[in-house]
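**Student:** Sharing a sequence plus its predicted fold:
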Amino acid sequence: MQGSDGRSAVGAAMPCDAAMPRDIEDIGSNPVPVDPIRQVLGRRLARRAALRGLIGATFAGVAAQSWAQGVNAGVRGAGASTLGFRGLPHGTGPGEAVAEGHEVQVVIRWGDPVLPGAPAFDPANQTAAAQAMQFGYNNDYLDFFPLPKGGEGEHGLLVVNHEYTNPELMFAGLGDARAARLGTSAAQVATEMMAHGASVVEIRREGERWAPVAGSALNRRITAETPIRVSGPAAGHERLRTSADPTGALVRGTLNNCAGGNTPWGTVLIAEENFNYYFGGPGVETGAQAASYKRYGLVRDAQFPWGRHVPRFDVASEPNEPNRFGWVVEFDPYDPESIPVKRTALGRFKHEGCTHAVSADGRVVIYMGDDERFDYVYRFVTARPFDREDPARNRDLLDEGTLSVARFGDDGTVTWLPLVHGEGPLTEANGFHSQGDVVIEARRAADLLGATPMDRPEDVQANPVNGRVYVMLTNNGSRTATRTDKANPRANNIHGHVIEIVPPRARGGVDHAAPTARWETFLMAGRPGSDPGASYHRAVGADSGWLSCPDNCAFDSKGRIWIATDGAPAAADVADGLYAADTEGEGRALTRRFYAAPTGAEVCGPLIGPGDRTVFLAIQHPGEERGSTYDKPSTRWPDYAEGMPPRPSIIAIIRKDGGTVGS
């Protein structure tokens with residue numbers, strides 16, 4: 001299959017040693033032990049696998065045999081899928097590939113102008129002032145807000161998160177990743193700070209091409225210096241007060257914005273994930289908050305040693321500054337002058353997304369994952385329903401409600417455990433003096449409640465068609481056989497899996513706010529027949545269709561799931577990509593590879609555009625591999641121009657005949 005630039009994306013295997021190790025974000029700071037469970041998957045999962053046409057590799061010892069039986073029997077072949085495209089074979093290369101009949105368009109790239117008057121991108125002379133007006137670096141979460149507000153056409157505001165930076169690929173002469181992070185100047189750090197945050201860009205489809213609307217007054221950049229208000233139970237808390245903000249109510253900027261979500265009242269939620277990357281120094285290991293720092297993964301030698309140039313990132317200088325990050329940030333994409341708000345009632349952890357569902361009684365439920373090994377799945381339920389007729393009443397709806405954490409029972413029950421001050425162990429005796437303390441130390445509160453430690457919970461999204469909730473569990477190479485359970489059944493789970501939560505029904509719809517639900521396994525990632533426990537539809541083959549490291553997901557109007565991956569093993573000739581599958585019927589869990597990313601890149605933010613006629617993807621950190629540098633990158637995607645570094649970009653995938661994607 002040819003990429004959009006005419007280059008083959010299926011070629012020789014590339015080394016998997018990324019310049020910035022992918023597992024830096026899942027260092028595993030949860031010390032809570034788990035009772036060993038001998039069974040890998042229970043009879044319940046095995047029975048469902050047989051009924052739904054999964055591979056049925058219930059135990060590692062029979063994985064290969066089960067796969068062979070599925071192939072030989074020819075049960076539920078590829079024709080069972082409602083998807084109309086032929087899946088791509090696996091492979092890696094410097095370019096990209098997309099399913100036949102589709103084409104890739106680059107919508108916007110790192111450094112492209114966003115704000116009116118922004119200078120043209122000059123990678124050899126990039127400055128903080130220029131970057132603050134241009135599209136930021138590693139783009140992750142995507143969302144689309146139609147114009148006019150409430151409209152349905154292919155014209156709207158594209159909202160994009162910017163997660164982190166790769167200075168070794170941004171600046172000339174710094175060398176590899178480690179040398180670059182230690183060698184960045186104050187001016188370069190300032191530029192990196194402006195490349196974080198989020199962008200809002202007006203875009204339009206004219207004919208068959210998507211493009212930004214140049215100089216739009218609706219465009220916006222949010223950076224690591226943008227003033228952001230704090231609301232909810234931690235607002236004004238003494239542990240959020242700093243020398244620059246003695247009120248604890250106004251934070252400078254947002255960091256490491258990974259996935260996100262939106263609200264029924266038309267605002268966007270951007271989630272702060274690996275904030276621990278940015279705070280370091282000897283102060284991390286001393287003082288009254290040392291245990292809290294450790295639980296959140298702070299270390300003396302920060303991944304981004306910005307504290308050498310910016311004192312607020314040195315914990316000894318500002319011991320409370322880390323507490324001001326790790327939140328969900330809400331803002332109005334239609335108002336570029338609005339002040340973003342950190343909604344502390346949703347808890348502080350490494351948020352990988354914050355997606356909503358409306359429960360049968362009208363209350364809004366926010367689902368969230370804490371992206372680290374052995375951490376948790378959370379849910380927030382608003383105290384009152386949202387008002388469809390009076391949007392202004394919803395402005396602070398996310399400040400009042402109940403934050404809960406999930407316990408996945410061996411009997412297939414999910415129990416939501418409320419994180420409420422004064423209840424159970426969340427008392428002064430355990431250091432929780434208020435609800436503010438509970439949300440600031442949400443991880444420790446969840447530890448005490450006995451939540452289920454998961455294999456890196458990332459995106460958690462409700463399918464708008466069937467009402468089920470899908471949890472992307474990316475991987476966990478640190479899980480041992482003595483720490484497995486039925487929700488996380490594999491030791492050394494390097495490929496990850498997807499869990500499906502089934503909330504109960506209620507009058508008026510799905511009761512997402514119910515205290516319990518059911519769960520089951522949707523798929524176990526990995527190569528069928530060789531990776532123990534890999535489990536999908538029987539027709540998924542060992543050479544194509546299977547996936548590794550599910551990260552983000554989206555749903556089209558038919559309720560089919562689209563899964564983006566992060567960390568697929570290039571050593572096995574597998575690039576990260578986008579896969580699609582039915583969630584119901586004969587084609588359930590029959591995954592097909594739709595898009596393959598260029599070398600070193602991660603696929604993020606899958607977004608199904610209006611009318612299912614576009615799939616938007618965020619392609620971040622292309623060229624992020626060991627030894628790849630600005631001067632000698634492993635790819636120059638998407639420009640392929642000499643002297644131009646690889647550029648994280650947003651792409652739009654459309655059908656060449658103008659029809660719906662995937663059909």
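**Tutor:** Yep, it's here.
**Student:** I'd guessed Thr599 sits against Ala575; true?
**Tutor:** Yes. Between Thr599 and Ala575 a contact is recorded at 7.0 Å, counting by Cβ atoms under 8 Å. C-betas here are computed from N, CA, C, even on glycine.
**Student:** shared neighbours, the two?
**Tutor:** 92-93 (Cβ atoms under 8 Å, 6 or more residues apart in numbering).
**Student:** now this structure, which segments are flagged as low pLDDT?
**Tutor:** 1-27, 32-79 (pLDDT under 70).
**Student:** Please enumerate the helices of it.
**Tutor:** Secondary structure of the chain by DSSP state H: the helices cover 43-52, 63-73, 128-131, 167-170, 177-183, 186-195, 290-295, 435-440, 442-449.
**Student:** tell me which residues of the fifth one are tucked away?
**Tutor:** Yep, that's helix 177-183 we're talking about. 177, 180-181 (16 or more other Cβ atoms under 10 Å).
**Student:** CA atoms of it as CSV?
**Tutor:** These are the backbone C-alpha positions of helix 177-183, laid out as CSV (Å, rounded to 0.1, in the frame of the first residue of the first chain):
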residue,chain,number,x,y,z
ALA,A,177,17.1,12.9,23.2
ARG,A,178,19.0,12.7,26.5
ALA,A,179,21.7,15.3,25.4
ALA,A,180,19.0,17.6,24.0
ARG,A,181,17.0,17.6,27.3
LEU,A,182,20.1,18.4,29.3
GLY,A,183,21.4,20.9,26.8
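**Student:** Please state the offset of it from the chain centre?
**Tutor:** Here helix 177-183 shows a centroid-to-chain-centroid distance of 25 Å under the convention Cα atoms, centre = their mean, to the nearest Å.
**Student:** Can you list the neighbours in contact with it?
**Tutor:** Helix 177-183 has contacts (Cβ under 8 Å, 6+ apart) with 19-20, 166-168, 171, 174-175, 303-305, 624, 626, 629.
**Student:** redo that, cut-off 10 Å
**Tutor:** For helix 177-183, the surrounding residues in contact (Cβ atoms under 10 Å, 6 or more residues apart in numbering) are 18-21, 165-171, 173-175, 188-189, 192, 277, 301-306, 308, 624-630.
**Student:** ok, now the third one?
**Tutor:** Applying Cβ under 10 Å, 6+ apart, the set of residues contacting helix 128-131 from outside is 110-111, 113, 118-122, 137, 165, 170, 186-196, 221, 223, 225.
**Student:** Please list only the buried members of those.
**Tutor:** Burial by neighbour count, 16+ other Cβ under 10 Å: within those this picks out 110-111, 113, 118, 121, 137, 165, 170, 188-196, 221, 223, 225.
**Student:** hang on, the earlier thing: give me the more crowded residue out of Thr599 and Ala575.
**Tutor:** Each of Thr599 and Ala575 has its neighbours counted (other Cβ atoms under 10 Å); Ala575 has more, 31 against 26.
**Student:** Spit out the contact partners of the more buried one.
**Tutor:** 9-11, 13-14, 88, 90-93, 95-97, 565, 568-569, 593, 595-603 are the contacts of Ala575 under Cβ under 10 Å, 6+ apart.
**Student:** Which of those residues fall within strands?
**Tutor:** Here DSSP state E is the test, and those give 97, 565, 593, 595-596, 602-603 as lying in strands.
**Student:** Out of the residues you listed, the closest to His433 would be?
**Tutor:** The shortest gap between His433 and any of the ones in strands among the contacts of Ala575 belongs to Glu602, at 40.3 Å (Cβ to Cβ).
**Student:** Hmm, the closest one is touching Glu625, no?
**Tutor:** No. Contact between Glu602 and Glu625 fails when scored by Cβ atoms under 10 Å: they sit 11.8 Å apart.
**Student:** Which of the two has more residues huddled nearby?
**Tutor:** Glu602 (28 against 23).
**Student:** mind listing what Lys350 touches?
**Tutor:** Lys350 touches 25-26, 29, 256, 258, 271-276, 296-297, 326, 368-372, 375, 443, 456-458, counting by Cβ under 10 Å, 6+ apart.
**Student:** I'd like the buried residues of helix 177-183 as TSV, with distance to Ala580 appended.
**Tutor:** Listed next are the buried residues of helix 177-183 as TSV, based on distance: Cβ to Cβ, whole Å:
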residue	distance to Ala580
Ala177	33
Ala180	36
Arg181	37
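**Student:** How about Tyr367, nearest residue that isn't a chain neighbour?
**Tutor:** Val460 (4.0 Å; Cβ to Cβ, 6 or more residues apart in numbering).
**Student:** looking at the sheet around that neighbour, what are its partners?
**Tutor:** Val471 (DSSP bridges).
**Student:** Quick check: Pro503 vs Met368, distance?
**Tutor:** Noted for Pro503: a distance of 16 Å to Met368, by Cβ to Cβ, to the nearest Å.
**Student:** If you could redo that for Val189, that was the one I meant.
**Tutor:** In terms of Cβ to Cβ, Val189 sits 30 Å off from Met368.
**Student:** Next, the buried residues of stretch 411-429.
**Tutor:** For stretch 411-429, by 16+ other Cβ under 10 Å, it's 412, 414-419, 421, 426.
**Student:** Show me what the residue nearest to Thr413 when sequence neighbours are not counted bridges to in the sheet.
**Tutor:** Counting by Cβ to Cβ, 6+ apart, Thr516 is the residue found nearest to Thr413 once chain neighbours are left out, at 5.7 Å. Taking DSSP bridges as the rule, Thr516 bridges to Thr415.
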